[in-house]
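# could you look at this predicted model? Sequence included:
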Amino acid sequence: MKQVTIQGEPGCFHEEAARRYFGDEPIEIVPCRTFEAQFERMRHEGSLLGIVAIENTIAGSLLQNHELLRRSESQIIGECKLRISHVLAALPGQRLDELSEVNSHPIALMQCGEFLKAHPQLKAVERDDTAGSAAEIAERRLTGHAAICGRLAAERYGLEILEEGIETNKRNFTRFLLLADRYHADRHTGSARADKASLVFSLPHTQGSLSKVLTILSFYDINLTKIQSMPIIGCEWEYRFYVDVSFADYTRYRQSIDAITPLTKDFKILGEYAAFNE
Ligand SMILES: O=C(O)C(=O)C[C@]1(C(=O)O)C=C[C@@H](O)C=C1
């Protein structure tokens, strides 16, 4: 059975994403406390897979995960997009006006910014993950606390749902990446046809250096689906570009890679995989 590492406790959105990705195929979930711990675990055990959130439609990119991925030996072998809906859950019998603190993953708190603004009596306190917040309230019988988590997590840990759908915008989706060790990746990709890729590179500080790369991609009919820049630590005002592309013709995509590589520095393909279309 495939073993899939996640950041968070059972019942968190990473578990939901892993189960959605694998559908009917049974998998074993391996919970890790932090994203760093997850990458470390994958580094030591080459056969482990990982599901990692990379961007959210309200909170934006999970910047640290771009860097963790770039520095790792992991390769992206798939992606999955999940509609994220949050509930406010507390110990059974607690009323909303009895609560003073709300616990959750920082990204989940960001997704519920409007709800938190409308309830200033609730102090938002960051925890490792959504399900872990629910578990802690249940195990330690924490009155006055609520968790922001998914319905599944609230039910799993026996909490009562006080409010539903508290995300700021109903179009709240998180995109997750499926990762495998570079040297074990082939074993997992099967016959899935790659029509998407994630790249990372830096550019010289010369006029039009990014524009040249983008023009070449356009020439080869490569569709840019995301671009994220990140400062290069220790090199003031220099940036790394994380670029996702989709394409219909794999050969033309490879030609575009050959054409842009000499214009960039530290070029790395983080993965070639099948786009998630639902
Ligand atoms: O805490 C969880 O349930 C998670 O899986 C973490 C996480 C994240 O890292 O973005 C996953 C998806 C949601 O966007 C909110 C939180």
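Nice, thanks for sending it over.

# which non-adjacent residue is nearest residue 166?
Counting by C-beta to C-beta, 6 or more residues apart in numbering, the nearest residue to residue 166 once its immediate chain neighbours are dropped is residue 115, at 4.2 Å. (Glycine included, C-beta is placed from N, CA and C.)

# doesn't that neighbour fall inside a helix?
Yes - Residue 115 sits within a helix when classified using DSSP: H, G, I helix; E, B strand; the rest coil.

# tell me the pLDDT at it?
For residue 115, the model assigns a pLDDT of 97.

# now for the spatially most central residue of the chain: which residues touch it?
Nearest to the mean C-alpha position of the chain, by C-alpha atoms, centre = their mean, lies residue 53 at 0.9 Å. By C-beta atoms under 8 Å, 6 or more residues apart in numbering, the contact set of residue 53 is 7, 13-14, 17, 62, 65, 107, 174-176.

# next one: residue 193
With C-beta under 8 Å, 6+ apart, residue 193 has these contacts: 250, 274.

# and it, that one's in a strand?
No - assigned with three-state DSSP, residue 193 falls outside any strand and is coil.

# how far away is it from the ligand?
27 Å (C-beta to the nearest ligand atom, to the nearest Å).

# same question for residue 239.
23 Å.

# what residues are up against the closest residue to that residue other than its chain neighbours?
Once flanking residues are discounted, residue 239 sits nearest to residue 229: 4.4 Å by C-beta to C-beta, 6+ apart. The contact partners of residue 229, taken as C-beta under 8 Å, 6+ apart, are 239-242.

# which of those residues fall in strands?
Among the contacts of residue 229, DSSP state E puts 239-242 in strands.

# run a quick neighbour tally on the residue of the stretch 151-278 of the chain found nearest the ligand.
Per C-beta to the nearest ligand atom, the residue of the stretch 151-278 of the chain with the smallest distance to the ligand is residue 174, at 3.7 Å. Using other C-beta atoms under 10 Å, residue 174 is surrounded by 24 other residues.

# next one: residue 242
Neighbour number of residue 242 under other C-beta under 10 Å is 22.

# just checking, it touches residue 224?
No - with contact defined as C-beta atoms under 8 Å, residue 242 does not reach residue 224; the gap is 11.4 Å.

# in PyMOL, select just the buried ones from the contacts of residue 229.
Of these, the buried ones can be selected in PyMOL as follows, counting by 16 or more other C-beta atoms under 10 Å:
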select buried, resi 240+241+242
